[in-house]
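# Sequence first, then the predicted structure:
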Amino acid sequence: MLSREQLDQLLGDMSLEEKIGQMIQLTGYYFTGSGGETGPASEMRIPEDILKSTASVLNVTGAKRLKEVQENYIKENPHRIPLVFMADVIHGFRTVFPIPLAQGCSFDPQLVKECASVAARESAAAGLHVTFSSMADLVRDPRWGRCMESTGEDVYLNGQMARAAVEGYQGESLTDEGTIGACLKHFAGYGAAEGGRDYNTVDMSELSLREQYLPAYREAVKAGTALVMTSFNTVNGIPASANRWLNEEILRKEWGFDGVLISDYSAIYELIFHGVAENEEEAGKLAVEAGVDMDMVSPVYGGTLKKMAEEGRISEELIDRSARRVLELKNRLGLFDSPFRSEKWMEREEEIMHCECHRRTARKMAEESMVLLKNDGILPVRPENLSKKTVALIGPYARSRELGSVWSMFLQEEEVVNLEEGFNNAFTEDSDWMGIRLLVEEGAPILDPGEELTPFKGPILVNDWKEKGIDREEALARAVKAAKEADVVILALGEHKQYSGEGASKASLRLSKGQQHLFEEVNQANPNTVVVLFSGRPLIFPEIKQKAAAVLQAWRPGTEGGDAVARVLTGKVNPSGRLSMSFPKAEGQIPVYYNHLRTGRPAQEGSRERFVSTYRDLDGEPAYPFGYGLSYTEFSYGSVSTNKEEYGLMEEIQACVVVENTGKIPGYEVVQCYVQDMVGSTARPVRELKGFKRIWLEPGEKETVSFTITEEQTRMITGKGTWETEPGTFRIYIGKDSRVTDNFKEVIKR
Ligand code: GLC
């Protein structure tokens, strides 16, 4: 590691061009001649002397290739400053885990940390140094395609998950091989884009920002994230990449973040499109003065900072400050000592990738993140209940290997265990299943006719039924026939992989018409139909919710998805996922989330009063609420007790409850602790998650589960605009999901 003095010396020896070079990240195109060019990046007009000093490359991987790029680069660099290689490893590198929205449903931060450390090991073996993860954007709008990258709608859950991910990626020290730097994103409030339309305006009170949207980012900063990325959106009128209040006041001064602040892809250039900068020079000045240290793939910093500094229009100290932070990042990553960083791991790249141990972690997360939404008793499917000895696996996801997401750029689809293979594995692993037939029919494609021709330039949605010459009516008929022959139907439906992720906002959250029709036909042929949903967001499926015998939300479960689904449905695994995001009943309800304010006219669930906060044509309750999920067993909760009835303003309090497994099957329960501040100088949410614990209970077993609610956890934005706890009455709820109403204890803070 270089000492402070050595870094000072290095900075002092660098020319203005070289310092500006440290503030630029380019796509691999300039070093490997490959890698897509999108947006302004393709018109880069960066002078050669700055271009060759660029600090970083994004989304190029492979130990051999990156070693070559680094060797060639350092040879040409007068100060032998190494490149830093960054990429989007969002939910796994080659071993792909469930999407973060699913991982949030595990309520298992320890497992999230383990997944991140596996992703780090594989990424480091592929020569990477930094991942653009964890994404801690709070989401309440499932129309936004990127809700899949978040861990959900709750500030506390998101904070726990963001911290776990950063710790998993970065390990004990970033000089350790097999670790990678984390880049927290998108700072800030990107998930609140108006209308759920990507990149759209974010406008909210400072109270909402500070109570709901910022704390999870802060947890990641406290965990030591090496970088933070600015978001595309405006925050109260100023785009994040030009927002000095966000970046200098909050991130740097209040939170003490001293790492690298990198812009999102071409976001600095887009300040012009936002209309806050006349031209590239103005954009560059705004961003560098707002503390953005690195310009991701835009021509602005490389094309304007030199001239503006030489003409005194920006202070060269700002350039020194940012260049120094980038050098410190490289130093923290150990790149000056070892430009290849994880050489021993890179030598074993193929051996490490997707190894059995990593796959076991992926399967465990997939099993823990699936949420059983409905079960009329048909699940688990057991061979002794199959008189016809036949299971029909039907639907476009019956054989699909697209169980990753648009961010699974390094996934190799042939390594994905699809549902058919998952069931065949389950049947062969257990002799009880000997002789059970599995009939497999796709029944319908994912997309409706015409959807394939995407109305936008982006990736073309693919339905190869035309090429395969598959006739839709014939396929449907085969599926109905299989349903009739089977005891139970597993109907695997869902949205197209391209329908979630970046640039994938949707106004309708329904399944395609073809898939809805397939459900109606199959369910009519055999009412013992279990629907498995694959999606990157909460979908809306009222007919399925009403008529299916069971519904399992499988999300986008990653490379081990097929095995995980089969093991859950056959009872090898008792489902324990709990929703990290509410499922609306209709698009018109959005946003619908659990920790809303009471309003002056709260609507009681089921009431048909007119003059209350609800709809005339629907109620305001979600189809499935935050924290909800079923198990194959039942758990009972005793009354909440606390160690005090009254306590001091600055004191913490303990609350506990006895939980019992009153069913016949062992399993995990996610015990959730919510707090309601009954009266505040600003209106308070009806519930706020303050703790959760996953506990394993054998049938008949009981456990006392306790939570400590700290003083910091009851702080709020007061009517005076301060951040503090107020005295008053609090209700402490402990239950199985956010709808817990009758199991609480009232305590008084003096
Ligand atoms: C994208 C995304 C961001 C990603 C970055 C680099 O536009 O907004 O999440 O990390 O660019 O690919």
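Now that the structure is in, tell me what you want to look at. Please read these numbers as outputs of a predicted model, since none were measured by experiment.

# Helix or strand: which one has Glu520?
Element membership of Glu520 [criterion: DSSP states H and E] is helix 513-525.

# what's the following helix or strand after that helix?
As assigned by DSSP H and E, the chain's next helix or strand after helix 513-525 is strand 529-534.

# elements contacting the helix or strand just after that next one?
Once strand 529-534 ends, the next helix or strand along the chain (criterion: DSSP H and E) is helix 542-547. Counting contacts by 3 or more C-beta pairs under 8 Å, 6 or more residues apart in numbering; DSSP states H and E, helix 542-547 is packed against helix 513-525. Every C-beta, even on glycine, is put in place using the N, C-alpha and C of the backbone.

# buried stuff in the helix it packs on?
Neighbour counts over helix 513-525 (16 or more other C-beta atoms under 10 Å) mark 514-519, 521-523, 525 as buried.

# quick check: angle from that helix to strand 529-534?
Counting by axes from the mean of the first three to the mean of the last three C-alpha atoms, to 10 degrees, helix 513-525 points 160 degrees away from the direction of strand 529-534.

# other SSEs contacting helix 513-525?
Identification of packing neighbours for helix 513-525 by 3+ C-beta pairs under 8 Å, 6+ apart yields helix 472-485, strand 488-494, strand 529-534, helix 542-547.

# Need the winner for burial among the ones you listed.
Ranked by mean neighbour count under mean count of other C-beta atoms under 10 Å, the helices and strands packed on helix 513-525 are led by strand 488-494, which reaches a mean of 28.

# between that one and helix 472-485, how many degrees?
Angle of strand 488-494 versus helix 472-485, following the same axes, to 10 degrees, is 140 degrees.

# What strands flank strand 488-494, and is each parallel or antiparallel?
Sheet pairing of strand 488-494 (DSSP bridges) gives strand 390-394 (parallel), strand 529-534 (parallel).

# Any chance of a markdown table for these, columns mean pLDDT and distance to the ligand?
Below are the strands paired with strand 488-494 laid out as a markdown table (pLDDT from 0 to 100; distance: least, C-beta to the nearest ligand atom, whole Å):
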| stretch | mean pLDDT | distance to the ligand |
| --- | --- | --- |
| strand 390-394 | 98 | 35 |
| strand 529-534 | 99 | 22 |
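
# out of those, nearest to Ile99?
Between Ile99 and the strands paired with strand 488-494, the shortest gap by C-beta to C-beta is with strand 529-534, which sits at 10.5 Å.

# tally of neighbours for the closest residue to the ligand within the stretch 301-450 of the chain?
Nearest residue of the stretch 301-450 of the chain to the ligand (C-beta to the nearest ligand atom) works out as Trp407 at 8.3 Å. Neighbour count of Trp407, defined by other C-beta atoms under 10 Å: 26.

# One more: Asp742?
Asp742 has 8 neighbours, counted by other C-beta under 10 Å.

# Which element, helix or strand, includes it?
Counting by DSSP H and E, Asp742 is part of no helix or strand.

# Next one: it from Ile734, what distance?
Asp742 is 11 Å from Ile734, where distance means C-beta to C-beta, to the nearest Å.

# How about Thr27?
Between Thr27 and Ile734 the distance is 50 Å, computed by C-beta to C-beta.

# higher neighbour count, these two?
A direct count of neighbours by other C-beta under 10 Å for Thr27 and Ile734 places Ile734 higher, at 27 against 22.

# Spatially nearest residue to that one (excluding sequence neighbours)?
Leaving aside its sequence neighbours, Ile734 sits nearest to Val657 (C-beta to C-beta, 6 or more residues apart in numbering; 4.4 Å).

# Against which helices or strands is whichever strand or helix holds the one you found packed?
Per DSSP H and E, Val657 falls inside strand 653-661. Using 3+ C-beta pairs under 8 Å, 6+ apart, the elements in contact with strand 653-661 are strand 635-637, strand 641-642, strand 667-677, strand 688-697, strand 702-709, strand 728-735.

# check contacts around the residue of the stretch 301-450 of the chain closest to the ligand.
By C-beta atoms under 8 Å, 6 or more residues apart in numbering, Trp407 lies in contact with 88, 90-91, 99, 149, 501.

# do the same with Arg363
Neighbours of Arg363 in contact, by C-beta under 8 Å, 6+ apart: 560, 563-564, 567.

# Specify the local secondary structure of whichever residue of the stretch 251-400 of the chain sits closest to the ligand.
Residue of the stretch 251-400 of the chain nearest the ligand, by C-beta to the nearest ligand atom: Tyr265 (3.5 Å). The three-state assignment at Tyr265 reads coil, by DSSP: H, G, I helix; E, B strand; the rest coil.

# okay, now it: neighbour count?
Neighbour count of Tyr265, defined by other C-beta under 10 Å: 23.

# Same check on Val640?
Applying other C-beta under 10 Å, we find 21 other residues in the vicinity of Val640.

# Could you report the neighbour count for the residue nearest to it when sequence neighbours are not counted?
Once flanking residues are discounted, Val640 sits nearest to Lys745: 4.1 Å by C-beta to C-beta, 6+ apart. Other residues within reach of Lys745, judged by other C-beta under 10 Å, total 18.

# With the one 3 residues further on instead?
By the criterion of other C-beta under 10 Å, Ile748 has 13 neighbours.

# Pull the contacting residues for Lys585.
By C-beta under 8 Å, 6+ apart, Lys585 lies in contact with 540, 542, 592, 618-619, 621-623.

# now the helices for the stretch 301-450 of the chain?
Counting by DSSP state H, counting those that start in this stretch, the stretch 301-450 of the chain has helices at residues 316-332, 343-347, 349-352, 356-369, 419-429.

# Name the residues of the stretch 501-650 of the chain found near the ligand, please.
Glu502 (C-beta under 6 Å from any ligand atom).

# and the gap between the closest residue to the ligand within the stretch 501-650 of the chain and Val417?
Residue nearest to the ligand within the stretch 501-650 of the chain (C-beta to the nearest ligand atom): Glu502, separated by 5.5 Å. Separation of Glu502 from Val417 (C-beta to C-beta): 26 Å.

# Identify the residues contacting the closest residue to Arg684 other than its chain neighbours.
Excluding the flanking residues, the one nearest Arg684 by C-beta to C-beta, 6+ apart is Asp677, at 4.2 Å. Listed by C-beta under 8 Å, 6+ apart, the contact set of Asp677 reads 684, 688, 714, 716, 726, 728, 730.

# In contact with the last one, which residues?
Phe730 makes contact with 675-678, 714, 746-749, according to C-beta under 8 Å, 6+ apart.

# hey, what's it bridged with?
Counting by DSSP bridges, Phe730 forms beta bridges with Asp677, Val747.

# any idea how far Val658 is from it?
Distance from Phe730 to Val658, by C-beta to C-beta: 21 Å.

# Could you list the contact residues of the stretch 151-300 of the chain toward the ligand?
With C-beta under 6 Å from any ligand atom as the criterion, the stretch 151-300 of the chain meets the ligand at residues 185, 264-265.

# can you do 5 Å?
Proximity of the stretch 151-300 of the chain to the ligand, by C-beta under 5 Å from any ligand atom, involves residues 264-265.

# Just to be sure, Lys19 is in a helix?
Yes: with three-state DSSP as the criterion, Lys19 is part of a helix.

# mind starting the numbering at 27 from now?
Let's use 27 as the start, then, which means that last one is Lys45.

# which residue packs closest to it, ignoring adjacent ones?
Nearest residue to Lys45, sequence neighbours excluded (C-beta to C-beta, 6+ apart): Ala349, at 4.0 Å.

# That neighbour and Met40 touch, don't they?
Yes: using C-beta atoms under 8 Å, Ala349 is in contact with Met40, at 7.0 Å.

# Between these two, which contacts overlap?
Counting by C-beta under 8 Å, 6+ apart, the residues touching both Ala349 and Met40 are Gln48.

# between these two, which one's more packed in?
When neighbours are counted by other C-beta under 10 Å, Ala349 and Met40 differ, and Ala349 comes out ahead with 25 against 22.
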